[in-house]
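Q: Got a sequence here, can you build the structure:
(chains A and B)
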Amino acid sequence: MKKLLLTAGLTVLMGTSAMAQQIGVSVARFDDNGLTVMRNGMTTHADTLDGVNLQVEDATDDVAKQLDQINNFVASGVDAIIVNAVDTNATEAMSAAAAAAGVPLVYVNRQPINMETLPDGQAFVASNEIESGTLAAFRMCQDLRAQGKSGGAKAYMLMGQLSNQAAVQRSKDFHDVIGMDMCNFITLIDEQTAEWSRDKAQDLMTNWISSGEPFDAVFGNNDEMAIGAIQAMKAAGISMDDVVVGGVDATADALVAMQAGEMDVTVFQDLAGQGSGSIDTALKLIAGEDVDKTVFIPFKLVTPENIGDFLQ
Amino acid sequence: MSDTSQGTGGLAFDKSKRQWPNEINVFGALILIILIFEGLGAAIMGQSFLFDSNGRFDSIFNEARLKIIILQVSIIGIIALGVTQVIISGGIDLSSGSVVGAAAMIAMSFAQVAEVNGSPNPKAVFGPAWMDLPIIVPIFVGLAIGVLAGMVNGMFVAIAKIPPFIATLGMMVSARGVAKWWTSGQPVSFPTESYGMIGGGMMPVVIFVVLAITFHIIMTQTIYGKHTYAIGSNEAAARMSGINVGRHKILVYAIAGMLAGLSAVVLTSKNLTAQSGMGIIYELDAIAMAVIGGVSLAGGRGSIIGTVIGALIFGVIISGFTFLRLDAYYQEMVKGAIIVGAVVLDQWRQQRAAMKA
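A: Numbering: from 1, shown residues only, chains lettered A, B, ... in the order given. Okay, the predicted model is just below:
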């Protein structure tokens, strides 16, 4: 009887361990606000699924460390790997390591450089980065027109880290929009990096204000920098009704600033959706289902008119 | 012999061998850099860097620019005041930036309001009982965390005899871990209105200047200052002459930690948010300010005034490059060159002084 129970117990144990899907996750940074929303999206989604175990590692913005983590995942025999790449130029080695071991690999949020040559059993889950900067910049252009400034408007742009793909893309989107016939009344006075940081943006904006040049719009590559610019403008006594301020991310802080009438435009990147989407994609790859190479999670424009949809 | 006089211990004081205080040289460098920006401004921008060239202010200066020059270095400057003392005592503190991160996250959690625009605080860390607290609570928490981290540093250095570089490197990594763990990376926002006033407007500058004057007096006029210099110049001699070296080192690191904690309070108040990535590489900027200001990494030499001027040089460079609308790449390159250049000049000056003597 004892033996039977033991066998039954073992069978159950083995049964569950065979059923549980072990997924290794390497995230570029744990201290990045956006990536934290994405990471929490993964863990909360995994909690709702039966038999999915996540092991989430912090790559601390270190390319070499991230590759080590992936090799460790492969060595410990995980069923799938999810990577939020530290440096999107370094993904080829990761794809090769996973493909050699036959482990499915999902890139999330940051587009790998080897997108064209991605091996079978690998996919990329993200939002289409071109949308975010374009949505925000175009809406800012419309706002400026609505304020009757289509005769000429001046703008500053706060950029993220210049080594970052999203910063480069969003800055390019802004340039593209103000190059359009409809929006070419906007001229850029200056663009500088504030490294995604509210504090650096606050100081940079104050420096710009100190030169005394009048301006009508400020575009931040993310909300944190846009809020920093708002704080600097308020401190300098500039009315927030006269300046169109746009950002990207739709963070809680940005939504509050928008309710206060300070922030005019932001873009919601469904980061939690990217996180849960990456897990669903990984599970499909484990099951051997057909998966598109690129799975897009759409961006959404947030303005004072529809802000209600985004407040928790 | 008429222009030599007898000093203590029979040492002859020779006016011809007297040196300018090092701070004068650093100040000269500051003026030189300002003049370079004035020249480039006139040539490239057709505008003055520091003076009011288009009549926007009631004074001859561009007041807005003068303010931002010092405002943008005040918070790291507060850290640099502590780092200066640690370096003078012969140590080094690599942990201050991470201590800022940890103190920022934890202190800010005690400064939150319960309601934002009529709805519950979307970034609440604790329950309503721990919100809308008087500002003394987050200030005390921030300072306490700084002191605690500094004391741990000091004890590893003084009691466990671990090299300061390693002890504070450990704290740098651990404290950053604390900052990320506290809310698993989520920012902490929406403080009470009174908390927002600590770092509002020009308050960071006021706090920096008051602390700089206080620590200048402490370092030049008190036993604490004399012991700090003595330990940094010659630790064995300091111990022989009866200074409790271990206890003093713990005190120096604790003060440096406290200043890091305070700067976290000012930083979060200025930005109305705390983020786990706050303060990254602040420790290196603070060390660089001290080094540019003439503080010797060998210990025993340097001053608070020097560090304050070093901080101003930083501020002038940042504003100068934005004024010229040059990219941040160049800013970093020049910053690096100035740090190394300052030390090279200082070495060269020391050697010349030694040859003269």
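Q: show me what contacts the residue nearest the centre of chain B?
A: Against the mean C-alpha coordinate of chain B, by C-alpha atoms, centre = their mean, the closest residue is B:Ala80 at 1.9 Å. B:Ala80 sits next to B:285-287, B:289-290, B:307, B:310-311 when contact means C-beta atoms under 8 Å, 6 or more residues apart in numbering or on different chains. C-beta coordinates here come from the backbone N, C-alpha and C atoms, glycine included.
Q: what do you get if the cut-off is 10 Å, keeping everything else the same?
A: Applying C-beta atoms under 10 Å, 6 or more residues apart in numbering or on different chains, we find B:Ala80 in contact with B:73, B:87, B:96, B:208, B:212, B:256, B:259, B:263, B:282-283, B:285-293, B:295, B:304, B:307-308, B:310-311, B:314.
Q: got it, and B:Leu284?
A: By C-beta under 10 Å, 6+ apart, the neighbours of B:Leu284 are B:76, B:83, B:94, B:96-97, B:339.
Q: need the contact list for residue 141.
A: No chain specified, so I'll use chain A. A:149-150, A:153, A:155, A:174, A:177-178, A:180, A:182-186, A:217, A:244, A:246, A:265.
Q: wrong one, chain B
A: Contacts of B:Val141 (C-beta under 10 Å, 6+ apart): B:103, B:106-111, B:133, B:261, B:264-265.
Q: among the residues you listed, which are in helices?
A: Among the contacts of B:Val141, the members found in helices (DSSP state H) are B:103, B:106-109, B:261, B:264-265.
Q: Quick one: distance of the top helix by length along chain B to the chain centre.
A: Identified as the longest helix of chain B according to DSSP H is helix B:328-356. In terms of C-alpha atoms, centre = their mean, to the nearest Å, the centre of helix B:328-356 is set 19 Å apart from its chain centre.
Q: which parts of the stretch 201-350 of chain B sit against chain A?
A: B:201-202, B:267-268, B:270-273, B:275-280, B:315, B:318-323, B:325-329, B:331 (C-beta under 10 Å from any C-beta of the partner chain).
Q: related to what we said a few turns ago, sitting in helices, which of the contacts of B:Leu284 do you find?
A: B:76, B:83, B:96-97, B:339.
Q: now the residues you listed: which count as buried?
A: Buried members of the ones in helices among the contacts of B:Leu284, scored by 16 or more other C-beta atoms under 10 Å in any protein chain shown, are B:76, B:83, B:96-97, B:339.
Q: If you count neighbours, what's buried in the helix or strand hosting the residue nearest to the centre of chain B?
A: Using DSSP states H and E, B:Ala80 maps to helix B:63-88. Neighbour counts using 16+ other C-beta under 10 Å place B:64-88 of helix B:63-88 among the buried residues.
Q: Ok, stretch A:91-111 next?
A: Within stretch A:91-111, judged by 16+ other C-beta under 10 Å, the buried ones are A:91, A:94-95, A:97-99, A:101, A:103-111.
Q: Ok, stretch B:335-343 next?
A: Buried, per 16+ other C-beta under 10 Å, within stretch B:335-343: B:335, B:338-339, B:342.
Q: Stretch A:305-312 too?
A: A:Ile307.
Q: ok now that stretch, how far from the chain's centre?
A: Distance of stretch A:305-312 from the chain centroid (C-alpha atoms, centre = their mean) equals 20 Å.
Q: Let me see the ranges of the helices in the chain.
A: All of this refers to chain A. Counting by DSSP H, chain A has these helices, from start to end: A:2-19, A:33-48, A:63-75, A:91-101, A:129-146, A:165-177, A:198-210, A:223-235, A:252-259, A:271-286.
Q: was after chain B, sorry
A: So, for chain B - with DSSP H - the helices run B:22-40, B:63-88, B:96-109, B:136-158, B:164-182, B:193-198, B:203-221, B:223-233, B:235-240, B:245-271, B:282-292, B:304-323, B:328-356.
Q: Helix B:282-292 and the last one, what's the angle between them?
A: Taking axes from the mean of the first three to the mean of the last three C-alpha atoms, to 10 degrees, helix B:328-356 and helix B:282-292 form an angle of 40 degrees between their directions.
Q: Helix B:328-356 - contacts with which helices or strands?
A: strand A:186-193, helix B:22-40, helix B:282-292, helix B:304-323 (3 or more C-beta pairs under 10 Å, 6 or more residues apart in numbering or on different chains; DSSP states H and E).
Q: okay if I get the ones you listed as JSON lines plus distance to A:Leu204 and mean pLDDT?
A: Compiled in JSON lines, the helices and strands packed on helix B:328-356 are given as follows (distance: least, C-beta to C-beta, whole Å; pLDDT from 0 to 100):
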{"stretch": "strand A:186-193", "distance to A:Leu204": "6", "mean pLDDT": "94"}
{"stretch": "helix B:22-40", "distance to A:Leu204": "17", "mean pLDDT": "91"}
{"stretch": "helix B:282-292", "distance to A:Leu204": "16", "mean pLDDT": "94"}
{"stretch": "helix B:304-323", "distance to A:Leu204": "6", "mean pLDDT": "93"}
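Q: ok, residue 153 - how many residues close by?
A: I went with chain A, as the question did not name one. Using other C-beta atoms under 10 Å in any protein chain shown, A:Ala153 has 21 other residues around it.
Q: The chain in question should be chain B.
A: 32.
Q: Mind pulling up the pLDDT for it?
A: You'll see B:Asn153 listed with a pLDDT of 98.
Q: Look up the closest residue to it, ignoring the ones flanking it.
A: B:Tyr253 (4.4 Å; C-beta to C-beta, 6 or more residues apart in numbering or on different chains).
Q: residue contacts, residue 224?
A: All of this is about chain A. A:33-34, A:158, A:160, A:194-201, A:247-249, A:251, A:253-254, B:187, B:271, B:273, B:275.
Q: sorry, should have said chain B
A: B:85, B:215, B:218, B:248, B:251-252, B:255.
Q: Against B:Val252, how distant is it?
A: Look at B:Tyr224 and B:Val252: by C-beta to C-beta, to the nearest Å, they are 9 Å apart.
Q: who touches both of these two?
A: Common neighbours of B:Tyr224 and B:Val252 (C-beta under 10 Å, 6+ apart) are B:Gln85.
Q: Residues in a beta bridge with A:Val56, which ones?
A: Counting by DSSP bridges, A:Val56 forms beta bridges with A:Val25.
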